[in-house]
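J.: no sequence on hand, only this structure:
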């Protein structure tokens, strides 16, 4: 899943992290080694909605991509000639999807 922060692309963020890391490395080398007591640590906390999204993403990733029973049912209906196509309904669905696009 791609994440964009403040209109920065993933590549721009990676470059920013690398340059920050390089400047921190050179600064720590110039000032000597830091003691463990004065070292700063980063932390990340997720909101409840972010945790729920992660959970949903995991559940969705475990689901099959194709509903095999529905595919079999449609194949059977096509083979027997009992599959009915409603042109008006199909056109309405296409228009709905077209309008939903940005």
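T.: Yes, it's here. Quantities reported herein were computed from a predicted structural model and do not represent experimental measurements.
J.: what about the helices in the protein?
T.: Ranges of helices in the chain, per DSSP state H, are 10-31, 48-62, 68-80, 87-100.
J.: pLDDT (mean, whole number) over the third one?
T.: When pLDDT is averaged over helix 68-80, the result is 94.
J.: and the gap between residue 92 and residue 75?
T.: Separation of residue 92 from residue 75 (C-beta to C-beta, to the nearest Å) stands at 25 Å. The C-beta positions use only the backbone N, C-alpha and C, and glycine is treated the same way.
J.: my error: substitute residue 60 in the last question.
T.: 25 Å.
J.: least confident secondary structure element in the protein?
T.: Least confident helix or strand, the chain: helix 10-31 with a mean of 55, by mean pLDDT, DSSP states H and E.
J.: that older thread, compare residue 60 and residue 75 and say which is more crowded by neighbours.
T.: Legend: neighbour count by other C-beta atoms under 10 Å for residue 60 and residue 75, higher for residue 75 (11 against 8).
J.: gap between the more buried one and residue 42?
T.: From residue 75 to residue 42 the distance is 53 Å (C-beta to C-beta).
J.: with residue 68 instead?
T.: Computed with C-beta to C-beta, the distance linking residue 68 and residue 42 is 45 Å.
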